[in-house]
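# Predicted model, plus sequence, below.
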Amino acid sequence: MIATMEPTQSARTGKSATAAASLEGICKNYGEVRALRNVNFAVRAGEVVALLGPNGAGKTTAVKLLLGLMQPNSGKVRVLGGDPTNPENRTRTGAMLQIGRVPETLRVREHIDLFSSYYSNPLPLKEVLASAGLEKFVDRKFGDLSGGQRQRVLFALAICGDPDLLLLDEPTVGLDVEARRALWDEIRNLVERGKTVLLTTHYLEEADALADRIAVINQGAIIAEGTPAEIKKQTSGKRIRCVTNLGTASLREISGVTEVREDREAVEIHAIEAEPVVRELLARDPGLSGLEITSAGLEEAFLALTQDNGRNGNHVTSSSN
Ligand SMILES: Nc1ncnc2c1ncn2[C@@H]1O[C@H](COP(=O)(O)OP(=O)(O)OP(=O)(O)O)[C@@H](O)[C@H]1O
Ligand SMILES: [Mg+2]
């Protein structure tokens, strides 16, 4: 069930050991824009998977396909072993959309009561309020809540039906540090209770904190997939700063260099490992000076990973579908 102005119809709920979701060979275009290009991606029952990517990567599109809100141009979407539009699956799926909308004049309690009524075994109101940190706002109108508080209401609506599968599209956007951590704890609790969670995020830190597996998406394609440790290994690296007469083109040719950026009189080079690159730099430019080596931050390294992949844009080309 999704928090929108017009919630979808309710149906029977049920539990199944096979709660999972997958995109198989999915292509989705919006006119000229190739939002998803041959995406293969699966969330196994009981795990938390993070779809990590920058703006416009295709995360919300993937979530909407899994919710059956739109159809792919090609490929197969499967949710809980069936079609996402199957009414039973809908009531076993809870979702929080990025731009979730609910009527502004209804109070928090009324929203939760209304959404809970769509399910046969909803969670008690008290539990939902506690999970979403909304106890103090139960009688407040949605329209009178702050952005972060509204976000918590949308989370409450996603979980109130006690769904098996939760699709959370950037659930922590707009939350302050404390509320973000509290939501992370709630997501962990849900997983401990056997739920399956797919969440999207811009932040490697968030994916790292929550996910069993991370799929990095950029310009509509999955560019890396693995456990947080595996992804961090791929994305972490070193930042080498120096003053050199070598041009950026020749620096990019050095094996292991992932990114080169001119920064005032110096260059900043990102590399998976510093030592071989530094050896090569000194061999090519004995006059090199001002050498500094630091660890690239996680977010920065993630940017390097996605930047390189994103140079060509995601517009439909003549060879695409
Ligand atoms: N209805 C639409 N019509 C045309 N283009 C669209 C539509 N919805 C999304 N797009 C485009 O498809 C691409 C993927 O969008 P999507 O919303 O899935 O990205 P996202 O990863 O969720 O981004 P963000 O982090 O900003 O939420 C973008 O280039 C976007 O502009
Ligand atoms: Mg989005």
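That came through fine. Ligands and ions are numbered 1, 2, ... in the order given.
# Report pLDDT for the closest residue to V173 other than its chain neighbours.
Spatial nearest neighbour of V173, chain neighbours left out: Q151 (6.8 Å); criterion: CB to CB, 6 or more residues apart in numbering. In this view, the C-beta of every residue, glycine as well, is placed from N, C-alpha and C. The per-residue pLDDT reported for Q151 equals 92.
# Wait, Q151 touches L175, no?
Yes: under the criterion of CB atoms under 8 Å, Q151 makes contact with L175 at 5.9 Å.
# Which one of the two is surrounded by more residues?
Using other CB atoms under 10 Å, the more surrounded residue of Q151 and L175 is Q151, with 23 against 20.
# Wondering if stretch 47-65 reaches ligand 2 at all.
Yes: against ligand 2, stretch 47-65 shows contacts by CB under 5 Å from the ion at K59, T60.
# what's the span of that stretch from first residue to last?
Its first and final residues considered, stretch 47-65 spans 19 Å by CA to CA, to the nearest Å.
# sorry, back to before: give me the distance between the residue nearest to V173 and ligand 2.
Taking CB to the ion, to the nearest Å as the criterion, Q151 is separated from ligand 2 by 14 Å.
# where does that residue fall, phi/psi-wise?
phi -60, psi -40 (degrees, to the nearest 10).
# ok, so what distance separates it from V216?
24 Å (CB to CB, to the nearest Å).
# strands paired with the helix or strand hosting I223, and their directions?
Using DSSP states H and E, I223 maps to strand 221-226. Neighbouring strands of strand 221-226 in its sheet, by DSSP bridges, are strand 213-218 (antiparallel).
# Return the alpha-carbon coordinates of the partner strand using PDB.
C-alpha atoms of strand 213-218 as PDB (Å, rounded to 0.1, in the frame of the first residue of the first chain):
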ATOM      1  CA  ARG A 213      23.700  -5.900  -0.300                       C
ATOM      2  CA  ILE A 214      24.100  -2.700  -2.200                       C
ATOM      3  CA  ALA A 215      23.400  -2.200  -5.900                       C
ATOM      4  CA  VAL A 216      25.000   1.000  -7.300                       C
ATOM      5  CA  ILE A 217      22.900   2.500 -10.100                       C
ATOM      6  CA  ASN A 218      23.900   5.300 -12.400                       C
END
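# Helices of the stretch 101-250 of the chain, start to end?
Taking DSSP state H, counting those that start in this stretch, the helices of the stretch 101-250 of the chain run over residues 108-116, 125-132, 147-159, 177-192, 204-210, 228-235, 248-252.
# picking up where we left off before, if I look at the residue nearest to V173, how far off is A179?
Distance, Q151 to A179, by CB to CB: 8 Å.
# ok, now E262?
On the measure of CB to CB, E262 and A179 end up 39 Å apart.
# These two: which is more packed in?
Ranked by neighbour count (other CB under 10 Å), E262 and A179 place A179 first, with 18 against 11.
# Around ligand 2, pick out the residues from this structure.
Contacts of the chain with ligand 2, taken as CB under 5 Å from the ion, map to K59, T60, Q98.
# Which of those ranks first by neighbour count?
Counting neighbours by other CB under 10 Å, K59 leads the residues of the chain next to ligand 2 with 26 neighbours.
# how near is that one to F155?
17 Å.
# Now do the domain split for the protein, please.
4-92+164-233+301-312, 238-295 (automatic domain parsing).
# touching ligand 1 at all, the first one?
Translated: domain 4-92+164-233+301-312. Yes: judged by CB under 6 Å from any ligand atom, domain 4-92+164-233+301-312 and ligand 1 are in contact via Y30, V33, A35, G53, N55, G56, A57, G58, K59, T60, T61.
# Do you have the strands of this protein handy? List them.
In the chain, the segments counted as strands under DSSP state E are 21-30, 33-43, 48-52, 74-79, 93-96, 165-169, 196-201, 213-218, 221-226, 238-243, 257-263, 266-271, 289-295.
# any chance of the ones you listed in JSON lines, plus mean pLDDT and distance to R107?
Putting the strands of the chain into JSON lines (pLDDT from 0 to 100; distance: least, CB to CB, whole Å) gives the following:
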{"stretch": "strand 21-30", "mean pLDDT": "97", "distance to R107": "32"}
{"stretch": "strand 33-43", "mean pLDDT": "96", "distance to R107": "34"}
{"stretch": "strand 48-52", "mean pLDDT": "95", "distance to R107": "31"}
{"stretch": "strand 74-79", "mean pLDDT": "96", "distance to R107": "32"}
{"stretch": "strand 93-96", "mean pLDDT": "93", "distance to R107": "19"}
{"stretch": "strand 165-169", "mean pLDDT": "96", "distance to R107": "23"}
{"stretch": "strand 196-201", "mean pLDDT": "96", "distance to R107": "27"}
{"stretch": "strand 213-218", "mean pLDDT": "92", "distance to R107": "37"}
{"stretch": "strand 221-226", "mean pLDDT": "91", "distance to R107": "41"}
{"stretch": "strand 238-243", "mean pLDDT": "93", "distance to R107": "50"}
{"stretch": "strand 257-263", "mean pLDDT": "89", "distance to R107": "50"}
{"stretch": "strand 266-271", "mean pLDDT": "92", "distance to R107": "50"}
{"stretch": "strand 289-295", "mean pLDDT": "91", "distance to R107": "49"}
